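>>> let's see this in three dimensions:
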Amino acid sequence: MSPNIRSFIRDLAADLLYATGITQPSNRIKDHPFSIVTFHRVLPAELLKSYPINGIAVTPDEFAWFVKIFKKHFVCGTLSENFARWQAGEITERPLLSITFDDGQLDNFLYAQPILKAAKIPATFFAVTNGVEHNDTLWYDRLAYAIVKLFEQEPKNLEHYLNELNLTATGTAHEIAISIVEQAKAVNADQRLNWVKQFEQAVGGLARPDWDGMMNWQQLAELAKNGHEIGSHSISHPILPLCNDTELQDEIVLSRKILQENLNTPIKSFCYPNGDGDERTVSVIKEAGYSQAVTTKWGQNKHGISPFLLKRFDIQSQTSRCRKGDLSVARLAWRLSPFFPKRM
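Numbering: from 1, shown residues only. Predicted structure coming up:
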């Protein structure tokens, strides 16, 4: 099936389901679902062009459009607030939805926060404490930026390093970067950091552009003061099931302690880096005193789900556009419904 025909079928299905009311959020209130949506980065178009992992970023205009739709069709609140209401069985006029941000990137404060303020909607921001304390770029951004820079300097040099590290990837600079980042998630922390350092050494050091960075304590405190929730996203954004017991304690327990001491506010929510967790991880999260934790598993939350395995909808602008390129309420509503086939 050609991409054009596939896009036509998607639009036809989305429009039909929305027009008949099947995917309209207000018509699902009887099921009492709880939806959580995920954003990572909010970047102006000119900056987005130079961000390698652009699939996890939206522009401020796109984010404002999403917020407008969420406010119209849902009761929006922080994760802790809405989860408590949902767990208590409170019946609301519209379904509950929480907006979450992973990683604690500076652009969240600069570009997302003003839009949320104008809409009077609180969100939950998951921070990586090393990023907050030291403005440390997360490993996957470091790796992606270095790979793209090396590709732009000399593609043959990139090929040499890929061969040395037994890595395989083809395509554009951004496609290669994304592929290598995915491969890096399968190796232990030491090997992953070694890859990062080798690519950075090849380009002369940290390749992050000057405009990029992480939120600091003052900015997180301002978010909390304005009604937003701050949650933990670990200390260093590792793949938690690959951590030993001591590392797991630091990433989960110590990160909460650091956030609470610096922000003087309860830290109730945890977000699994890369969405990866296992029974051991869940056990540590419970013991650490968190009330809930979110994964990257797609879908709505229904009663009976573990509070430490909450599902989320990853929001991307390209998957919310119709075949003509316009943002589509029908397409978004379909994706936020239980009727959307993931293979689409």
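
>>> what is the end-to-end distance of stretch 198-208?
Start-to-end span of stretch 198-208 (C-alpha to C-alpha, to the nearest Å) is 15 Å.

>>> pull out the buried residues from that stretch.
Residues 199-200, 202-203, 207-208 are the ones in stretch 198-208 that count as buried (16 or more other C-beta atoms under 10 Å). C-beta here means a position set from N, CA and C on the backbone, and glycine is covered the same way.

>>> farthest pair in those residues?
The span of the buried residues of stretch 198-208, defined through C-beta to C-beta, is set by 202 and 208 at 15.1 Å.

>>> in helices, which of the buried residues of stretch 198-208 fall?
Counting by DSSP state H, the buried residues of stretch 198-208 place 199-200, 202-203 in helices.

>>> show me the contacts for residue 295.
Residues in contact with residue 295 (C-beta atoms under 8 Å, 6 or more residues apart in numbering) are 272, 275, 277, 309-312.

>>> which one is it nearest to, not counting chain neighbours?
Among residues not flanking residue 295 along the chain, residue 275 sits closest, at 4.9 Å (C-beta to C-beta, 6 or more residues apart in numbering).

>>> any idea how many residues pack against the one you found?
17 (other C-beta atoms under 10 Å).

>>> where in the stretch 1-150 of the chain is pLDDT low?
The stretch 1-150 of the chain contains residues with pLDDT under 70 at 1, 3, 29-30.

>>> what about the strands in it?
34-39, 41-42, 57-58, 75-76, 96-103, 124-127 (DSSP state E, counting those that start in this stretch).

>>> the second one pairs with which strands, and in what direction?
This means strand 41-42. Sheet pairing of strand 41-42 (DSSP bridges) gives strand 57-58 (parallel).

>>> residues in contact with the partner strand?
Strand 57-58 has contacts (C-beta under 8 Å, 6+ apart) with 39-43, 48, 51, 66, 315-317.

>>> narrow the residues you listed to those in helices?
If you go by DSSP H, these have 48, 66 in helices.

>>> farthest pair in the contacts of strand 57-58?
Between all members of the contacts of strand 57-58, the farthest pair (by C-beta to C-beta) comes out as 51 and 66, at 18.4 Å.

>>> how about the closest residue to residue 300 other than its chain neighbours, what does it touch?
Closest residue to residue 300 apart from its sequence neighbours, by C-beta to C-beta, 6+ apart: residue 33 at 4.3 Å. Residue 33 makes contact with 95-96, 300-302, 338, according to C-beta under 8 Å, 6+ apart.

>>> need phi/psi at residue 33.
phi -80, psi 160 (degrees, to the nearest 10).

>>> and for residue 123?
Main-chain dihedrals, residue 123, degrees, to the nearest 10: phi -130, psi 180.

>>> which ones are touching it?
Applying C-beta under 8 Å, 6+ apart to residue 123 gives the contacts 78, 98-101, 112, 116, 228-229.

>>> by neighbours, which of those residues wins?
residue 98 (31 neighbours).

>>> any idea how far residue 65 is from that one?
18 Å (C-beta to C-beta, to the nearest Å).

>>> how near is residue 234 to residue 157?
Applying C-beta to C-beta, the value for residue 234 to residue 157 is 33 Å.

>>> comparing the two, which residue is more hemmed in?
More neighbours surround residue 234 than the other of residue 234 and residue 157, with 26 against 13 (other C-beta under 10 Å).

>>> if I look at that one, what pLDDT would I see?
Residue 234 is assigned a pLDDT of 97 by the prediction.

>>> which non-adjacent residue is nearest it?
Per C-beta to C-beta, 6+ apart, closest to residue 234 is residue 251, 4.3 Å.
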